[in-house]
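> Test case, fold it:
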Amino acid sequence: MATENRDIKYINKDFGELRSALIEFTKTYFPTTYNDFTPASPGMMFMEMSAYVGDVMSFYLDNQIQENFIQFTRQQNNLYTLAYMLGYRPKVTGASTVDIDFYQQVPSLLVGSTYSPDYSYALQITENTSVTANTVGSSNFLVQDPIDFAFSSSADPTQVTIYSINGDTPEFYLLKKTRKAISANIQSRQFTFGAPERFQTIEINDSNIIQVLDITDSDGNIWYEVPYLAQEMIYDTIKNSNPNDPNTYTDQGQVPYLLQLRKVPRRFVSRFTTPTTLQLQFGAGTNTQNNDEEILPNTDNVGLGLPYKRSLLTTAVAPANFLYTDTYGISPSNTTLTVRYLTGGGVQSNVSANSLTGIATTQNIKFQNSNLDPVLAQTVFNSVAVNNLIAASGGQDGDTNDEIRFNALSTFATQQRSVTQDDYLVRALSLPPEYGTIAKAYIEPEKIANILPGQTPSVLDLYVLAFDNNKKLKTASNALKTNLSTYLSQYRVINDSIKIKNAFVINIGVEFDLIVLPNYNNNEVIFRCITSLKDYFAINKWQINEPIMLRDLYILLDKVDGVQTVKGVNIVNKVGTNLGYSQYAYDLSGATQNGVVYPSLDPMIFEVKYPDTDIVGRVVPL
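Numbers count the residues shown, from 1 in each chain. This is a model prediction of the structure:
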């Protein structure tokens, strides 16, 4: 009986099926041993207990399998872990953003026979300045970028207007700067570390955590956040001035900061384990005397610690064996870390317009010069004002479980890499403005005629243009293109090569003739037509290699109130550097086919540089 092959079923999973299977098994193989299957019998007690245990084990097994898939997991800690595995960082809160205008008065200064603002009284407002609301219970907003009223560029313009006059001369000028602000408060925690340990972790428990602002240790060292500990390179910013960089860039006004890559041994990663718990993890290195950025690969170190050193041709050499240090950064030891992080956001942070009118502390405001008239300086200091002309938006609660699932699955496919041409285009346009502003960008594969013999056709030509101080198109500077190259180097696919080139600017003017309806003032109709064309040719609406559709211009002018008939629209070329235009001439008549002005084969853009004078209209008779 013991060696008999028994018919055992493996498909029963719940209590009822397991109980029935045990009864049938007993009746089949032990017909004379036990035949009392009444509910109160001792044998039924053991069979039901076995069915109960089987049912519970089956449930937990199914549940554990389910928790391994992000589409079906129910436990929130597993959902967060799986989201990080797929490359998505769940959001536990959403901070609202708003443009905040900062104002200050400065006295006038007579230089020769011309009055201008006296920038010696220009103020500086430090980074991480908190702006408060005038309503009780509203969120505070944080301005993370510093403000220098004496500095002006296309990326950070200073608007100047006359504030008051004394007789016929300006007495005070009003300076205005605009900054992005987020609804956040700065919080701080301290953590003490003893002997070094590999991959040490700490946790911050708080509600509505936005992100880690910075971490410094008791020795003054800065710890940098990276997406994963194996990433040792970060973006570093230095001032664009000659003492700080061996390459002399003369366009500090257009590119105030230079972007560089820096290798950092002190780094950490952060991840949310629950909506109210942020975990920070540090590196594996325990020898803090040897920092990663101070050690370079050495041929004497290849194979260090590996057996059979003579057979390196067939040995897999890991980076950790190549250097005298760990590749995951160092671990904090015998120090105290001060962690500053941001909290806030939520739906309630979407404050209304004209509600952010105060600066939390005046300690963040200071003069650049010390030799100033104290009475006048105090007047200027008291003139500082802030306001949000539009309502804050974007504040929302954290991701729901379903949002985490969908966002994680979509993130996994991209991995933040630039794969397609559009990826590179968007990445180039997202260069932070402190490193220069990419006004226009266009990318295409390198032309066949330009490919050298033996060269792979993986080269992409990226054409870019920049803005000057007046928001007119100009050639991108060397500093800007260097920053862009550094920025793209961390996102490009390894076999892609990118050549950054200058696009061409073709300046144009618009001439139009029209017939005005009776009882309409000719000058008013012409003014409305010119205003419509200014809006149509606004440079923000135009891209490189975009053609001009003459039919659209006719329709646009026909819609203007008072226009009876548009007799003609003509596009003319404006050229000549001595006149303030581009140096490149363009055969517009030859490029016009079937009512379309086509761009050239070389990437270019049409620009109405001086719309006040380059758009001309006239009224003609019937």
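> quick one: the helices in the stretch 401-550 of the chain?
Using DSSP state H, counting those that start in this stretch, the helices of the stretch 401-550 of the chain run over 401-414, 421-429, 478-488, 522-536, 550-558.
> Leu109: which of those helices is closest?
Leu109 lies closest, by CB to CB, to one member of the helices of the stretch 401-550 of the chain: helix 478-488, at 30.7 Å. Using the backbone N, CA and C atoms, a C-beta is placed for each residue, glycine as well.
> Helix 421-429 and the closest one, what's the angle between them?
Helix 478-488 runs at 130 degrees relative to helix 421-429, counting by axes from the mean of the first three to the mean of the last three CA atoms, to 10 degrees.
> Can you spell out which helices and strands pack onto helix 478-488?
If you count contacts as 3 or more CB pairs under 8 Å, 6 or more residues apart in numbering; DSSP states H and E, helix 478-488 packs onto strand 257-263, helix 421-429, strand 459-467, strand 497-502.
> same thing but 7 Å
Helix 478-488 sits against strand 257-263, helix 421-429, strand 497-502, with contacts defined as 3 or more CB pairs under 7 Å, 6 or more residues apart in numbering; DSSP states H and E.
> Including distance to Leu229, mean neighbour count and mean pLDDT, could the ones you listed go into a markdown table?
Converted to a markdown table, these look like this (distance: least, CB to CB, whole Å; neighbours: other CB atoms under 10 Å; pLDDT from 0 to 100):
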| stretch | distance to Leu229 | mean neighbour count | mean pLDDT |
| --- | --- | --- | --- |
| strand 257-263 | 14 | 17 | 81 |
| helix 421-429 | 24 | 16 | 82 |
| strand 497-502 | 28 | 15 | 87 |
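> Just say which of the helices of the stretch 401-550 of the chain is most tucked in.
Ranked by average neighbour count under the criterion mean count of other CB atoms under 10 Å, those are headed by helix 478-488 at a mean of 20.
> what's it in contact with?
Helix 478-488 has contacts (CB atoms under 7 Å, 6 or more residues apart in numbering) with 240, 249, 251, 254-255, 258-261, 424, 427-428, 431, 435-436, 438, 464, 466, 498, 500.
> Okay, now the unreliable bits of the stretch 201-350 of the chain?
In the prediction, the stretch 201-350 of the chain carries residues with pLDDT under 70 at positions 241-254, 286-327.
> can we see that at 90?
227-265, 283-331, 344-350 (pLDDT under 90).
> mind listing the strands for it?
When assigned using DSSP state E, counting those that start in this stretch, the strands of the stretch 201-350 of the chain occupy the ranges 201-205, 209-217, 222-225, 233-239, 257-263, 267-274, 277-282, 335-343.
> Walk me through which strands the third one pairs with, and which way each runs.
Looking back up the chat, that one is strand 222-225. strand 209-217 (antiparallel), strand 267-274 (parallel) (DSSP bridges).
> returning to what we had before: could you export the helices of the stretch 401-550 of the chain to a markdown table, including columns for distance to Asp168?
Listed next are those as a markdown table, based on distance: least, CB to CB, whole Å:
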| stretch | distance to Asp168 |
| --- | --- |
| helix 401-414 | 62 |
| helix 421-429 | 46 |
| helix 478-488 | 43 |
| helix 522-536 | 30 |
| helix 550-558 | 42 |
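> Quick one: closest of these to Asn35.
Each of the helices of the stretch 401-550 of the chain has some distance to Asn35 by CB to CB; the shortest is helix 401-414, at 52.0 Å.
> how much does the closest one deviate in direction from helix 421-429?
Between the axis of helix 401-414 and that of helix 421-429 there is an angle of 100 degrees, by the same axes, to 10 degrees.
> Show me what helix 401-414 is packed up against.
With 3+ CB pairs under 7 Å, 6+ apart as the test, helix 401-414 has helix 76-85 packed against it.
> What is the helix it packs on packed up against?
Helices and strands touching helix 76-85, by 3+ CB pairs under 7 Å, 6+ apart, are strand 267-274, helix 401-414.
> Compute the distance between the residue nearest the centre of the chain and Thr437, please.
Among the residues of the chain, the one closest to the centroid is Ser430, at 6.6 Å (CA atoms, centre = their mean). Distance, Ser430 to Thr437, by CB to CB, to the nearest Å: 11 Å.
> And Tyr119, by the same measure?
23 Å.
> neighbour-wise, which of these two wins?
Shown here are Tyr119 and Thr437; by other CB atoms under 10 Å, Thr437 has more neighbours (21 against 18).
> Could you verify my assumption that that one touches Ser154?
Yes: the pair Thr437 / Ser154 is scored as a contact, 5.8 Å apart, by CB atoms under 7 Å.
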